[in-house]
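Asks: Structure of the sequence below:
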Amino acid sequence: MGQHHNHEHHHHHQVEGKNLLFSIILNIVITVAQVVGGILSGSLALLSDALHNFSDVLSLVFSYVAHKLAKREASVNQTFGYKRAELIAAFVNAMTLIIVALFLVYGAVERFFNPEPIKSGLVIWLSIIGIVANGLSVLLLKNDADKNLNMKSAYLHLFTDMLASVAVLVGGLLMKYFQWFWVDSVLTLAIAIYLLVVGFDLLKDSTKMLMLFTPTHIDINEIIEEVHKIPGTDKLHHIHVWHLNDDELHLEAHLDCSEDIKMSEFNEILHKIEHVLFDKFQINHINIQPEYNREEASKDFIVQD
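Replies: The predicted structure follows:
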């Protein structure tokens, strides 16, 4: 069986865990301040933002731990190491976004029918602190979020926090100058709806990776077509393509050779396949089983083993 890893072309994005740690500290401070402020002011929007921040603290801690675990080397008992830990973290973070959103919907509806006077001045100042602190955290994680699903989940938590704080600030100003206390409930509901949207999107992406689904940008038929152009190949079958994590895209398959060749000749074919799969599809780990004239060889490209 031929197995190649295209390391010479593949460069891992070095995620900055220290940025995540700094964001955790910031969010702990924000959460404590908003809980106290929400209780003193009577603002549900501020308390809901504090609850969201608290869920972020837990999610960020989980993301940080997963990030550290993912760097551990493989062993005989964990042959892939902990590389999928960050996918699990992204999945859990997506679930917490959705759960928090549903809780906020319930609270917003209840408060809408039973509005209460709110100390808007405290709400305004605490929301400004939330905007500054979360905005700084968002800037710290922006680059990592583009390269790593786990960091993207942390980034989305912080970004929605920043938007929530902006909404709370607007609500505080409207309550202060117009006494529109119902705005508190409306803003809480808007924050919740946004959380549901980004939460479901992240949940969908992380679930697909955990289930080893074929990545959306990969066309199996196109892979087959490109491999079959290489001299010496007959048919590629038993194909599986999946993400091990954000950095590693794997392919395993059986390859029927057109002739009964030596292993050294197969290695040349494998080398060509490796470059084609990486250059055209960014697949950096391939594992191909060579076959020749096997009577039981499958006639289908995709086979459930």
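Asks: show me what contacts W242?
Replies: Contacts here follow CB atoms under 8 Å, 6 or more residues apart in numbering; on that basis W242 touches M209, L212, F213, T214, P215, L249, H250. In short, each C-beta sits where N, CA and C put it, glycine included.
Asks: before we move on, which element is it in?
Replies: strand 233-243 (DSSP states H and E).
Asks: Between strand 233-243 and whatever helix or strand comes next after that strand, find me the angle.
Replies: Next along the chain after strand 233-243, taking DSSP H and E as the criterion, comes strand 249-257. For strand 249-257 against strand 233-243, the angle by axes from the mean of the first three to the mean of the last three CA atoms, to 10 degrees is 160 degrees.
Asks: CA atoms only for the following helix or strand past strand 249-257, dumped as CSV, please.
Replies: Next helix or strand after strand 249-257 toward the C-terminus (DSSP H and E): helix 263-281. Taking Å, rounded to 0.1, in the frame of the first residue of the first chain, the C-alpha atoms of helix 263-281 are listed here in CSV:
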residue,chain,number,x,y,z
MET,A,263,6.7,-1.4,-6.9
SER,A,264,9.4,1.1,-8.0
GLU,A,265,7.2,1.9,-11.1
PHE,A,266,4.1,2.3,-8.9
ASN,A,267,6.0,4.7,-6.7
GLU,A,268,6.5,6.9,-9.7
ILE,A,269,2.8,6.8,-10.5
LEU,A,270,2.0,7.6,-6.8
HIS,A,271,4.4,10.6,-6.9
LYS,A,272,2.5,12.0,-9.8
ILE,A,273,-0.9,11.4,-8.1
GLU,A,274,0.4,13.1,-5.0
HIS,A,275,1.3,16.3,-6.9
VAL,A,276,-2.0,16.3,-8.8
LEU,A,277,-4.1,15.9,-5.7
PHE,A,278,-2.2,18.6,-3.8
ASP,A,279,-2.0,21.1,-6.6
LYS,A,280,-5.6,20.9,-7.7
PHE,A,281,-7.4,19.9,-4.5
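Asks: Give the other helices and strands that helix 263-281 contacts.
Replies: If you count contacts as 3 or more CB pairs under 8 Å, 6 or more residues apart in numbering; DSSP states H and E, helix 263-281 packs onto strand 2-5, helix 220-228, strand 249-257, strand 285-291.
Asks: So which of these is nearest V92?
Replies: Among the helices and strands packed on helix 263-281, strand 249-257 comes nearest to V92, with 22.9 Å by CB to CB.
Asks: Output the contacting helices and strands for the one helix or strand V61 maps to.
Replies: According to DSSP H and E, V61 maps onto helix 44-70. Contacts defined by 3+ CB pairs under 8 Å, 6+ apart place helix 44-70 against helix 17-41, helix 85-113, helix 120-145, helix 149-178, helix 183-210.
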